[in-house]
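# Next comes the sequence, and after it the predicted model I'd like to discuss.
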Amino acid sequence: MTIIDASCGTCIEEFDKWKDFMKSTDTTLVGYVFLLYSNDDLMTFESTNANYLQFTYPYFNDKKNEVITKNGFNLEQKNNNTFLLNKKNEIILVGNPIYSNSVSKLYLKEISKISNAD
């Protein structure tokens, strides 16, 4: 699960990086949840997506920032806005694999373990 500020242009560009990362995993075995929050009703994201990104993977709009607030997530640092969860929704890893090769390797290693356990 990754949380992205959909009213931030450079944050929206993360979706291109996510598309590349997702190609390195078997999306039939691993699900991705993109949770968007915005101060402008996703207008920036929707127009950028339609004109540039063309991101077709599902995303969810946290209109009231409920997930962020209820879980006490601190999104000041972009490297703390992504969580690898197990089937019980327990956090296995925190860190953003699109910003760090070492974090990316950790994610891919853990995803491989989860995929092989099934």
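Right, received. Where do you want to start?

# State the number of residues packed around residue 14.
22 (other CB atoms under 10 Å). (Each C-beta comes from the backbone N, C-alpha and C, glycine too.)

# got it, and residue 11?
Residue 11, neighbours per other CB under 10 Å, totals 19.

# Quick check: bridge partners of the closest residue to it other than its chain neighbours?
Residue nearest to residue 11 in three dimensions, not counting chain neighbours: residue 5, with 4.5 Å by CB to CB, 6 or more residues apart in numbering. Beta-bridge pairing of residue 5 under DSSP bridges involves residue 37.

# so who does residue 5 touch?
11, 36-38, 75 (CB atoms under 8 Å, 6 or more residues apart in numbering).

# Do you know the pLDDT at it?
On pLDDT, residue 5 comes in at 84.

# ok, now the one 10 residues further on?
pLDDT for residue 15: 85.

# same for the helix or strand where it lies, what does it pack against?
Using DSSP states H and E, the element containing residue 15 is helix 14-23. Other elements packing on helix 14-23 under the criterion 3 or more CB pairs under 8 Å, 6 or more residues apart in numbering; DSSP states H and E are strand 2-5.

# returning to what we had before: in TSV, list the contacts of residue 5 along with pLDDT and distance to residue 93.
What follows is the contacts of residue 5, written out as TSV (pLDDT from 0 to 100; distance: CB to CB, whole Å):
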residue	pLDDT	distance to residue 93
11	79	21
36	87	21
37	84	21
38	80	26
75	68	17
